[in-house]
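[1] how would this look folded up:
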Amino acid sequence: MGSSSNEGIFFQSMVLADRYTHTILHNKKKLIMIFLFPLALALVIVWVAGKGMFETFEQTQACLFMIVSSTIFVGLCNTIQEVCKERNIVKREYMANLNLASYILSKLMVQGAVSVISTAIAMGVYAVAFDFPKEGVVTKSVTADFMISLLLLMLASNAMGLMISSIVKTNDAANTIAPYLLIVQVVFSGVLFEMEGFMDTIANLMVSKWGMAELGSACGINDFPSKIKIPGYVIPEKDIYRSTSAHLIYVWLVLVLILFICSTVSVIVLRRVSKDVR
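    All right, here's what the predicted structure looks like:
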């Protein structure tokens with residue numbers, strides 16, 4: 001019974017994913033913007049960062065912060081309207097036995113493919129512009145570790161966007177929430193302010209914190225010298241940037257967990273769609 005049910009969910013997901021893919025492919029303007037955004041943002045980051053990437057702790061952290069912020073922005077914008085704009089359709093199909101888990105999974109499948117391409121575009125720019133360290137932490141290449149890290153960050157951001165889109169009922173509400181959500185991610189990333197006590201607990205819920213953690217760990221930022229040229233001055237080592245394979249894999253798993261939690265919440269809150277009166 002369980003196996004048959006799982007097969008039904010997967011089959012419905014594939015059908016919905018095929019429909020969703022065709023919807024995106026037939027919207028040429030949206031398709032262009034989906035892939036133009038990561039390219040444009042990557043070029044801006046490279047232009048602003050200059051040649052200082054991977055040379056000093058401060059310069060590298062600032063650049064990683066821009067990369068993390070832009071990745072979250074792209075992932076969030078790609079999905080934050082994808083459910084609420086179809087709410088009437090979802091209500092009609094849910095009343096006709098649409099499986100909500102299949103619906104959310106279909107969104108993640110298609111957006112996952114979009115995220116792979118978007119991440120590859122951004123990483124292509126970074127790989128050409130920056131002189132990446134040679135030794136990887138988990139894989140043999142820092143570039144590969146970065147690619148995996150950015151992809152997981154974007155997927156988690158996709159899931160966060162779908163969760164918000166499932167909670168709100170209109171595109172206007174989603175558009176209103178989006179900038180505030182991005183500001184919260186920036187504030188609790190741990191870059192601008194030191195997070196302690198309850199604030200650190202909140203920061204643990206933010207994909208921005210874990211995005212910084214994985215990129216900082218991947219490039220070994222704790223080993224970089226400070227740009228402050230004072231004899232004897234050494235930047236205190238940050239545990240969140242610990243450059244070990246166990247730590248980086250742990251951070252990756254945290255992002256996977258966030259993705260799963262956001263997706264689950266999306267399914268749960270969407271059950272209210274049957275009570276919509278509009």
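[2] which outside residues touch stretch 149-157?
    Residues outside stretch 149-157 that contact it (CB atoms under 8 Å, 6 or more residues apart in numbering): 67-68, 71-72, 74-76, 79, 108, 111-112, 115-116, 118-119, 122-123, 207, 210-211, 214-215, 218, 248, 251-252, 255-256, 258-259, 262. Heads up, the C-betas are built off the backbone N, CA and C, glycines and all.
[3] same thing with stretch 105-113?
    9, 12-17, 19-21, 24, 78-79, 82-83, 155, 158-159, 162, 259, 263.
[4] the same query, at a cut-off of 6 Å, please.
    13, 16, 17, 20, 21, 78, 79, 82, 158, 162 (CB atoms under 6 Å, 6 or more residues apart in numbering).
[5] so of those, which ones are in helices?
    If you go by DSSP state H, the contacts of stretch 105-113 have 13, 16, 17, 20, 21, 78, 79, 158, 162 in helices.
[6] quick one on the thing from earlier: farthest-separated two in the contacts of stretch 105-113?
    Using CB to CB, the two most remote members of the contacts of stretch 105-113 are 13 and 78, lying 18.3 Å apart.
[7] more neighbours: those two, which one.
    Set residue 13 next to residue 78 and count neighbours by other CB atoms under 10 Å: residue 78 wins out with 26 against 20.
[8] can I get the ones in helices among the contacts of stretch 105-113 in CSV including pLDDT and distance to residue 101?
    As requested, the ones in helices among the contacts of stretch 105-113 are exported to CSV (pLDDT from 0 to 100; distance: CB to CB, whole Å):
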residue, pLDDT, distance to residue 101
13, 86, 8
16, 89, 11
17, 89, 13
20, 86, 15
21, 89, 19
78, 90, 20
79, 91, 16
158, 95, 16
162, 94, 12
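[9] out of those, who's nearest residue 46?
    residue 78 (21.7 Å).
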